[in-house]
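Engineer: All I have is the shape, not the residue letters:
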Ligand SMILES: [Fe+2]
């Protein structure tokens, strides 16, 4: 996973609009799954060690947060606005639909998981006001744990999640928020398309 700079002005404007739109929303209207992880258990080495890697389905087993695209999680009138953001995003990045719009409240998280069931190239656009959150992963080759801390504002991370047929590319990861955090996630099956999207994000 590596960080790239967001320089595309149209994209910057759209992301600002999404952030401003979301800031005005009452978060009590979102049906949030799970409970706060105050002792950071689900993003710890201890939790990772206890995962049954053979049986792991790909999704995080424990979360505190909610995907805004889940029709049962957000008020009806948000959906039209979310669809409009999606359409603008598609036209700027000539991308497939943004599959995940994950909202984490303070102390929100996603436990260690590897998405082997939804393998492909990916792009994650995350926002926090103050940079108080992180994305953590296991380097597929060295098995080392790497923590990528948020920065104030939007950041972009790009990488590849391998399937169970590509053992050397299995990508274990988790995420943590200490303040409101929003992550827009894309999975792109085609490498060329992914590279074009990465270029589009970095080009002014
Ligand atoms: Fe994931």
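Structural biologist: Sure thing, it's come through. Since the model is a prediction, treat every value here as computed from it, not as a measurement. Residues are numbered from 1 along each chain as shown.
Engineer: what's the closest non-adjacent residue to residue 169?
Structural biologist: Nearest residue to residue 169, sequence neighbours excluded (Cβ to Cβ, 6 or more residues apart in numbering): residue 162, at 2.7 Å. The C-beta positions use only the backbone N, C-alpha and C, and glycine is treated the same way.
Engineer: so the residue nearest to the spatial centre of the chain, which of the three states?
Structural biologist: Residue closest to the average C-alpha location in the chain (Cα atoms, centre = their mean): residue 183, at 4.2 Å. What DSSP: H, G, I helix; E, B strand; the rest coil gives for residue 183 is strand.
Engineer: how close does it get to residue 119?
Structural biologist: Distance of residue 183 to residue 119, given as Cβ to Cβ, to the nearest Å: 18 Å.
Engineer: can you check residue 27 too?
Structural biologist: Between residue 27 and residue 119 the distance is 32 Å, computed by Cβ to Cβ.
Engineer: next one: residue 154
Structural biologist: For residue 154, the distance to residue 119 - Cβ to Cβ - is 25 Å.
Engineer: Tell me the pLDDT of the residue of the chain positioned farthest from its centre.
Structural biologist: In the chain, the residue that sits farthest from the middle, by Cα atoms, centre = their mean, is residue 54; the gap is 24.0 Å. If you check residue 54, the pLDDT there is 92.
Engineer: and it, which of the three is it?
Structural biologist: coil.
Engineer: count of neighbours near the residue lying closest to residue 149 once chain neighbours are set aside?
Structural biologist: In space, residue 149 comes closest to residue 134 once its chain neighbours are excluded; the distance is 4.8 Å by Cβ to Cβ, 6+ apart. Neighbour count of residue 134, defined by other Cβ atoms under 10 Å: 19.
Engineer: Model confidence score at residue 134, please.
Structural biologist: 98.
Engineer: what about the strands in this protein?
Structural biologist: According to DSSP state E, the chain carries its strands in the segments 2-4, 63-64, 66-67, 100-104, 109-113, 120-128, 133-138, 145-149, 153-161, 173-177, 181-188.
Engineer: Format those strands as TSV; extra columns: distance to residue 73.
Structural biologist: TSV is the format used below for the strands of the chain (distance: least, Cβ to Cβ, whole Å):
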stretch	distance to residue 73
strand 2-4	28
strand 63-64	12
strand 66-67	5
strand 100-104	9
strand 109-113	15
strand 120-128	18
strand 133-138	20
strand 145-149	26
strand 153-161	22
strand 173-177	17
strand 181-188	14
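Engineer: closest to residue 79 out of those?
Structural biologist: strand 100-104 (11.3 Å; Cβ to Cβ).
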